[in-house]
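Q: I would like to see how this sequence folds:
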Amino acid sequence: MSPFAVLATVPAPLPALRRTARDLAPARARRLGDLLAPAARTTGPLVHPDDVGGRAAWDVLVADGALEVVRGDTAVVAGTAVPPALRATLLAGALPTGAVIAGRTAAWVHAGRAACARPTDGLDLTYPAGGHRPEVWGAGLVWQAPLLRDDTVTLGGARVTAPLRTVVDVAVHVPGDDDAALLARVVADACGVRLPDAAALLERRARVVGRPRARRVLARAAQLPQPGAAHDRATAPVLRAPPAPLP
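A: Modelled structure (predicted):
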């Protein structure tokens, strides 16, 4: 063989591409514990798309019921308790200066998913007389009203109408008598508010536009069954008297 002959060389083997089933599996097949590792989050129980590898994985976890949406792009692991202060925290950054969370939005802060399973971006706001009218967007409502000290509370860095005042505002401002009555009842039951107390507060407020309608809404709310009452009656054991002894 000539010393100048070119010998064909065997190509070096390419490094093995180690593709495990974990690499090839879609987001729904990954372990929930890996996707929701608390060490990767700095927002407490709140879970955002970036915390689980992106929007696609977040959507899958929501669709599968592993995550429950709180608001917008914020969720929690299913079954996690979300207190009112945490819900209010999600709104604090969007709250205009001088505005107070009110109406349907305050109902959601106080009662959570019972008041609104999937809240929209719109905010219901109120502001005191002489204040600057805040801008609202979407389906949000805004109105001016006097606010006494006991009418508001501070939760999660945001001012929110207190539960009793929220029930009254819902009766006055939320469109639709049936919708307003149901929401007023939900907030009252969730927060331990007595509807007669809400009716009394309504009468103490001066110059309320729509007072007759609000009275009607509160009266209708008082007639609604408590949440779960029908289910409790349907599933309660039937107690029968023991048979009389034979003579």
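
Q: which strands or helices does the longest helix along the chain pack on?
A: When the chain is parsed with DSSP state H, its longest helix is helix 177-191. When contacts are defined as 3 or more C-beta pairs under 8 Å, 6 or more residues apart in numbering; DSSP states H and E, helix 177-191 packs onto helix 103-111, helix 163-173, helix 195-204, helix 211-223. (Each C-beta comes from the backbone N, C-alpha and C, glycine too.)

Q: okay if I get these as JSON lines plus mean neighbour count, mean pLDDT and distance to T152?
A: JSON lines is the format used below for the helices and strands packed on helix 177-191 (neighbours: other C-beta atoms under 10 Å; pLDDT from 0 to 100; distance: least, C-beta to C-beta, whole Å):
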{"stretch": "helix 103-111", "mean neighbour count": "28", "mean pLDDT": "96", "distance to T152": "9"}
{"stretch": "helix 163-173", "mean neighbour count": "27", "mean pLDDT": "97", "distance to T152": "7"}
{"stretch": "helix 195-204", "mean neighbour count": "16", "mean pLDDT": "96", "distance to T152": "13"}
{"stretch": "helix 211-223", "mean neighbour count": "17", "mean pLDDT": "96", "distance to T152": "19"}
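
Q: would you list the phi and psi of T126?
A: Main-chain dihedrals, T126, degrees, to the nearest 10: phi -130, psi 160.

Q: residues in contact with the nearest residue to it once chain neighbours are set aside?
A: Spatial nearest neighbour of T126, excluding adjacent residues (C-beta to C-beta, 6 or more residues apart in numbering): A102 at 4.1 Å. Applying C-beta atoms under 8 Å, 6 or more residues apart in numbering to A102 gives the contacts 124-126, 143, 160-161, 165-166, 169, 173.

Q: switch these over to CSV; also include distance to P212.
A: Conversion of the contacts of A102 to CSV gives the following (distance: C-beta to C-beta, whole Å):
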residue, distance to P212
D124, 22
L125, 25
T126, 21
W143, 17
V160, 27
T161, 22
R165, 19
T166, 20
D169, 16
H173, 14
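
Q: so which of those comes closest to P84?
A: V160 (7.9 Å; C-beta to C-beta).

Q: mind listing residues that contact whichever strand or helix holds that closest one?
A: In the assignment (DSSP states H and E), V160 maps to strand 158-161. Strand 158-161 is contacted by residues 84, 88-89, 91-92, 95, 99-103, 106, 109-110, 126, 147, 151-154, 166, 169 when judged by C-beta under 8 Å, 6+ apart.

Q: over to stretch 217-229?
A: Stretch 217-229 is touched from outside by 114, 167, 170-171, 177-178, 180-182, 184-186, 188-189, 195-196, 198-199, 202, with contacts defined as C-beta under 8 Å, 6+ apart.

Q: would you map the strands across the protein?
A: In the chain, the strands defined using DSSP state E lie at 67-71, 74-77, 100-101, 125-127, 142-144, 152-155, 158-161.

Q: quick one, which of the ones you listed is nearest to G210?
A: Distance to G210, taken as C-beta to C-beta, is lowest for strand 142-144 among the strands of the chain, at 10.5 Å.

Q: quick one: buried residues of that closest one?
A: In terms of neighbour count (16 or more other C-beta atoms under 10 Å), strand 142-144 has its buried residues at V142.

Q: mind checking how far that strand is from the chain centre?
A: Centroid displacement of strand 142-144 relative to its chain, using C-alpha atoms, centre = their mean, to the nearest Å, is 23 Å.

Q: by contact count, what packs against it?
A: The helices and strands touching strand 142-144, judged by 3+ C-beta pairs under 8 Å, 6+ apart, are strand 125-127.

Q: for the strand it packs on, packing partners?
A: Using 3+ C-beta pairs under 8 Å, 6+ apart, strand 125-127 sits against strand 100-101, helix 103-111, strand 142-144.

Q: by contact count, what packs against the second one?
A: In this structure, helix 103-111 packs against helix 84-92, strand 125-127, strand 158-161, helix 163-173, helix 177-191, with contacts taken as 3+ C-beta pairs under 8 Å, 6+ apart.
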